[in-house]
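Colleague: Build me a model from this:
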Amino acid sequence: MMDPELSARLDRLEAKIDAAYKAAHKSQQYLFWTGVITVAFIVLPLLGIALVLPSFINNYVNPLNAATGNPTVNANPGSLQGTLNTLNSLGL
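Modeller: Just a heads-up that it's a prediction; the model follows:
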């Protein structure tokens, strides 16, 4: 059969392998949740800003155009092209 010393050594190695596996699994979970939180708090707000910013710009630029007597260039206040046309008409 197997030598008792060898058997004890294999048991210790098995315990160390199990501990390494648990540590790797915890690290994997940590990295996963770090990625989820990064997407939730950085990527999604940036995407929202990119979609909403043209509308906000038009809300402030169109009254400025009306006050200065410039006609409103933007027929569709939510479009990016309309926002760019309005900014170009102001010389920005």
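Colleague: make it CA atoms for all contacts and neighbour counts henceforth
Modeller: Fine.
Colleague: Low-confidence ranges, the protein, go.
Modeller: 1, 70-83, 86, 91-92 (pLDDT under 70).
Colleague: Name the residue closest to the centre of it, please.
Modeller: Val43 (1.5 Å; CA atoms, centre = their mean).
Colleague: Name the next helix or strand downstream of the longest helix along the chain, please.
Modeller: Longest helix in the chain, counting residues (DSSP state H): helix 4-38. As assigned by DSSP states H and E, the chain's next helix or strand after helix 4-38 is helix 44-68.
Colleague: Going by contacts, tell me the helices and strands next to that next one.
Modeller: helix 80-89 (3 or more CA pairs under 8 Å, 6 or more residues apart in numbering; DSSP states H and E).
Colleague: buried stuff in stretch 14-22?
Modeller: Judged by neighbour count (16 or more other CA atoms under 10 Å), stretch 14-22 contains no buried residues.
Colleague: separation between Leu44 and Val36?
Modeller: According to CA to CA, to the nearest Å, Leu44 stands 11 Å off from Val36.
Colleague: same question, Asn62
Modeller: 38 Å.
Colleague: Which one's more surrounded, these two?
Modeller: Asn62 (20 against 11; other CA atoms under 10 Å).
Colleague: what helices or strands is the longest helix of the chain leaning on?
Modeller: Looks like helix 4-38 contacts no helix or strand (3+ CA pairs under 8 Å, 6+ apart).
Colleague: what separates that helix from the chain centre, distance-wise?
Modeller: How far helix 4-38 lies from its chain's middle: 30 Å, per CA atoms, centre = their mean, to the nearest Å.
Colleague: Just want the angle from that helix to helix 44-68.
Modeller: 10 degrees (axes from the mean of the first three to the mean of the last three CA atoms, to 10 degrees).
Colleague: Could I get the buried residue list for helix 4-38?
Modeller: Buried-residue list, helix 4-38, by 16+ other CA under 10 Å: empty.
Colleague: Start the count at 17 instead of 1 going forward.
Modeller: Fine by me, first position is 17 from now on; the one you just mentioned is helix 20-54.
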